[in-house]
Structures are given as C-alpha cells and as structure tokens.
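In: structure of the sequence below:
(one chain, ligands or ions: 1)
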Amino acid sequence: VPELPEVEVVRAGIERYVVARRVSAVDVRHPRAVRRHAAGAPDLVARLTGRQVIAAARRGKYLWLPLDSGEALVAHLGMSGQLLIRSSDAADEVHLRARIKFDDAGPELRFLDQRTFGGLAVDELIGVGPAAVPSSVAHIARDALDPAFDDDRFFRALRTRRTGLKRALLDQTLVSGIGNIYADEALWRARLHFARPTETVNRPEAGRVLDAARAVMRAALAAGGTSFDHLYVDVNGRSGYFDRVLAVYGQAGRPCPRCGTPVRREAFMNRSSHHCPRCQPRPRRARW
Ligand SMILES: [Zn+2]
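Out: Numbers count the residues shown, from 1 in each chain. Model (predicted):
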C-alpha cells in the first residue's frame, strides 16, 4: 500500500512531465479502473480531452491533477496502482489500465494496477487556487508535513476521540498520510505505546508523536519511499529502499535499535503493530 512519502515521490515525478500540457486522447483499457467515475468511461474521456493540466497536487495519500476546467483528475492508487511516464512508443505493460496522451506528442501518462483496487475519476474542485481540493478529498485532513497543519487543533481533536493512539494516527479525518508503517515507526521514536488511550495523551506527547511522524516521513521522502511488496515503484520504475532503516516495522524478534529488547508484533486492525515492550510500555488502560 503506498503511503504519503511514496505518493509524494510520484506527485513530484509526474509534475515535471504533465504540468502545462494539454490532453489529446484518453484510452481506458479496463472498466474497473474508472468505476469511481460514476458517469462512466465516455464521460471521463470527454471531461479530460482538450483540457490543460495546471498542477500535480496531493493531500495525504490522495493525488490529483487540477485541470483548466475547474475539475481535477483524481488518482486512487489503492493497493497496487501506479502512475508512470512512458514514451508513447514503449510497449504496453501487462497491467496497463488507462493511458493519457498529450497534444505535443511527448511522453504519455499511464495508469497501471495489478490488483485493480485503485482507479481514476474526474471530480469537481472545491475552493480556489492552490488550496482547492477535489470534492472526494474534502473530508481528508491535511497531512502532518503540510505547512498549514495545525498541531493544537490536532491535539484538541485527539483528546475528544476516545480511541487508541495508533488508531487515531491512522484516522484520515484527524491527520492524513500516516499509514501502518509510519505509525509504528513514529510511535517507537516518540516512545509511546500504540494502545495508549487518546484522552490520556498530553500536549507534549502529541507534539512528540507528530514530530516523529514528520521525521520518519521526511527520511522516507529522502530515500524515495519504502518498498514493501515490490509492487510499488516510483514514477521512473525504481523501488524505494527506506525499508532497510525501519526500526520496528517488520522487525519482530530483532533487537530494538535503542535498548536491545526484542521487538514485539501484535495483531492490530487486521494487520499488525510493532513496538519495543521496554521503550513503549503498555499503558495500564489500553484501547485498541
Ligand atoms: Zn527499546
């Protein structure tokens, strides 16, 4: 599953190739790839053709291309979706789902998806200028790396949520872009247990875990994102290598890099949580 740093790598990679170009043709190769566009493939093609791409934007794990029509092409990467820039004479990939050509005959934008959980849709933009977001993304909170993210507001919302700390970090309406891997790494850096009840988290602890999440995401960005299942590759087809420096995620049984205690893995929300039982002691009252 691509997380924020991977999506940012893709956004930055695509931006260089698509901004200020005009769409000349759209080829939808698989109906599932446009199932989020309720009006169907012909409508999606009509809304894109002839439109100029203004920017490549992101909030959390959501990526979109604002168009000169006031709408945006929203890409849902799902589990395995990829956006690639390819020369128009490059052979079709096995999992090619859609292709967007531009009127300058330069490289085209391709959407690939092995498991077909992702997809493309054209959606109305709400708001103006760089702050505009597609209506389908409007409920998503800003991500912790966004300069406009409000730490105090996050803290106040966290205190009223009455859930476990990790569950809150994964809640895209509180803070977006923190997935399972980054949550585990941030909690380890902040020395906080994943099942800590949010109403017991104080302001310095909330600041610590946000700063830790930012540090982990910045490190991942610098490394080009993590690579988990080898499906994820960046816009030029390279996989990330940040996974080599993960402290606890996927490290069950290995020594904690800080204290040497074996890292523990526990079942959590159909996935798993990794933590150091010494650095991140279980709270007396735990909330999953
Ligand atoms: Zn430790």
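In: which element, helix or strand, includes residue 47?
Out: Under DSSP states H and E, the secondary-structure element containing residue 47 is helix 41-48.
In: who does the helix or strand just after that helix pair up with?
Out: Sequence order places strand 57-59 as the next helix or strand after helix 41-48, per DSSP H and E. The pairing partners recorded for strand 57-59 under DSSP bridges are strand 62-66 (antiparallel).
In: which residues are contacting the very next helix or strand once past the strand it pairs with?
Out: Downstream of strand 62-66, the first helix or strand assigned by DSSP H and E is strand 71-76. Strand 71-76 is contacted from outside by 36, 47-48, 51, 53, 57, 62-67, 81, 83, 111, 118-125, 132, 134, 136-137, using Cβ atoms under 8 Å, 6 or more residues apart in numbering. Placement of C-beta: from N, CA and C, glycine included.
In: chain center to the lengthiest helix in the chain, what's the gap?
Out: Scanning the chain for the helix with the most residues, using DSSP state H, yields helix 203-223. Distance, stretch centre to chain centre, for helix 203-223: 15 Å (Cα atoms, centre = their mean, to the nearest Å).
In: okay, buried residues for that helix please.
Out: 205-206, 208-210, 212-214, 216-217, 220-221, 223 (16 or more other Cβ atoms under 10 Å).
In: for those, which one is nearest the ion?
Out: residue 212 (14.2 Å; Cβ to the ion).
In: what about whichever residue of the stretch 51-200 of the chain sits closest to the ion, how many residues nearby?
Out: In the stretch 51-200 of the chain, the residue that lies nearest the ion is residue 188 (7.7 Å; Cβ to the ion). The number of residues packed near residue 188 is 27, by other Cβ atoms under 10 Å.
In: hang on, it packs against residue 247?
Out: Yes. Using Cβ atoms under 8 Å, residue 188 is in contact with residue 247, at 5.3 Å.
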